[in-house]
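>>> I'll drop the sequence and a predicted model, then ask my questions.
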Amino acid sequence: MHRLLMVGLLLCLSYTLHAQSVQERHWLEPAPAYSSTRFWTVTGGMSATFGGALVALNEYWYKDYPRGPWHWKNDWNGWLQMDKAGHVFNGYFFSYWVGKMYRWTGMPQRKAALVGGSVGFLMLSSVEWLDGYSTQWGASAYDLLFNGLGSGLAIGQELAWQEQRIQLKISAFPQSIPAGLEERTRSLYGTTIAELVLKDYNALTVWASTNVASFLPKDHWWPKWLNVAVGYGADGLYGAEENRWCSSGDCPPNAFIDRSDIPRLRQYYLSLDVDLSRIPSRKPWVKTLLGMVNLIKIPAPALMLDSDGQVRFYPIYF
């Protein structure tokens, strides 16, 4: 779950780099030719931010858990693969935005996509190195795989179409908590809005938002900004592999809490979305802002099918 916190750090970096240029508006657009000043601004800022993020993760997360020899762990069965959906999104998000920042330096688009995707993948996947020393987790080959799938999606679209026709997005909305599980929910998922968006698997939905117009002939009628989105979410997750957990450290038989009565459900969604990057504007700062907000799925009507076969329609789903 902690890996999703890295998304906020890169957003802050992106905003900071662009905010530096508000007083010189031409900086908001890619340089017409390679600029070493911009290159080292991006590289230095990214290195400092990411280095600080790793130190912060080690200091405020990993040090509270026991460590041992570096090892792998098979975590495929955890959280109904919601964490893997998060890794695909993270890989896509990091690779896309790092590529955008290197494109801003004047680097050619294809090269920026390859450099950005590779750097984004390495940045995100380096967290597995810390996981590998933790007895609580262990490095996950599946995490690396799904990081790579997200990065590949960002790179591949830039190379094939010079644009992102299929964008990965997220949304989150608070879910009702079963009676008696308030403390368990707080310990797993936190209480703040940021924690809700970044780590609450019961509230989070990961979307593949497709720009239909970009696949149609030029004389199409479909609005250029209107997307069709499919999403994946889950509900009833109060343990990694089952809703049964130990209430104390030494786990005597009478310390187990069993809430297997709560079904663990996969949820599949179909909805509409807005591609904010395709809304026309003559102001570079507006384009930049819309592009940054575009990682969030816009609330819209949605159809949901869960793994129990239940179908539900939401007039507005976020």
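Everything's here; your move.

>>> the chain: strands as residue ranges?
166-172, 204-211, 226-235, 244-246, 256-258, 265-274, 300-306, 311-317 (DSSP state E).

>>> out of those strands, which gets nearest to D143?
For those, proximity to D143 was assessed by CB to CB; strand 204-211 is nearest, at 14.7 Å. C-beta: built from backbone N, CA, C; applies to glycine.

>>> which residues sit in contact with the nearest residue in space to F173 that is not next to it in sequence?
Nearest non-adjacent residue to F173, counting by CB to CB, 6 or more residues apart in numbering: F318, 4.9 Å away. Residues in contact with F318 (CB atoms under 8 Å, 6 or more residues apart in numbering) are 171-173, 297, 299.

>>> go again using 6 Å as the cut-off
F318 sits next to 171, 173, 299 when contact means CB atoms under 6 Å, 6 or more residues apart in numbering.

>>> any stretches of the stretch 1-150 of the chain with poor pLDDT?
1-27 (pLDDT under 70).

>>> show me where it has its helices.
With DSSP state H, counting those that start in this stretch as the criterion, the stretch 1-150 of the chain has helices at 5-19, 36-60, 82-104, 109-125, 127-132, 141-161.

>>> report all helices and strands that the second one contacts.
Which is helix 36-60. With contacts defined as 3 or more CB pairs under 6 Å, 6 or more residues apart in numbering; DSSP states H and E, helix 36-60 has these neighbours: helix 5-19.

>>> so which bits of stretch 209-221 are buried?
Of the residues in stretch 209-221, 209-214 count as buried by neighbour count, 16 or more other CB atoms under 10 Å.

>>> mind checking how far that stretch is from the chain centre?
On the basis of CA atoms, centre = their mean, to the nearest Å, stretch 209-221 sits 26 Å off its chain's mean C-alpha point.

>>> averaged pLDDT, that stretch. What do you get?
Regarding stretch 209-221, the rounded mean pLDDT is 94.

>>> gap between the two ends of that stretch?
Separation of the first and last residues of stretch 209-221 by CA to CA, to the nearest Å is 19 Å.

>>> can you list contacts of that stretch?
With CB under 6 Å, 6+ apart as the contact definition, stretch 209-221 has outside contacts at 165-167, 169, 222, 224, 227-229, 273, 275.

>>> cool, stretch 86-93 as well?
The set of residues external to stretch 86-93 that reach it, using CB under 6 Å, 6+ apart, is 4, 7, 124, 143, 146-147, 149-151, 153-154, 168, 206.

>>> mind checking which of these are buried?
4, 7, 124, 143, 146-147, 150-151, 153-154, 168, 206.

>>> as TSV, those with distance to P30 would be great.
What follows is the buried ones among the contacts of stretch 86-93, written out as TSV (distance: CB to CB, whole Å):
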residue	distance to P30
L4	29
V7	23
L124	24
D143	32
F146	30
N147	26
G150	23
S151	21
L153	22
A154	17
L168	23
V206	29
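
>>> which one of those is nearest to Y189?
Using CB to CB, the buried ones among the contacts of stretch 86-93 come closest to Y189 at L4, 11.2 Å.

>>> closest to T43 out of the strands of the chain?
Once the strands of the chain are compared by CB to CB, strand 166-172 is nearest, at 24.9 Å.

>>> run the chain-centre distance for that closest one.
Taking CA atoms, centre = their mean, one finds strand 166-172 lying 8 Å from the centre of the chain it belongs to.

>>> buried residues, that strand. List them.
Across strand 166-172, burial judged by 16+ other CB under 10 Å covers 166-172.

>>> what is it packed up against?
strand 204-211.

>>> next one: the strand it packs on to chain centre, how far?
11 Å.

>>> still on that earlier bit, so can I have TSV of the contacts of F318 showing pLDDT and distance to A113?
Formatted as TSV, the contacts of F318 follow (pLDDT from 0 to 100; distance: CB to CB, whole Å):
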residue	pLDDT	distance to A113
S171	95	26
F173	86	33
P299	96	30
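
>>> so can I have TSV of these showing distance to G44?
Putting these into TSV (distance: CB to CB, whole Å) gives the following:
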residue	distance to G44
S171	33
F173	38
P299	38
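
>>> and those residues, which is closest to V42?
S171 (28.8 Å).

>>> need the contact list for that closest one.
By CB under 6 Å, 6+ apart, the residues touching S171 are 205, 297, 318.

>>> if I look at the last one, how far off is K169?
Computed as CB to CB, to the nearest Å, the F318 to K169 distance reads 11 Å.
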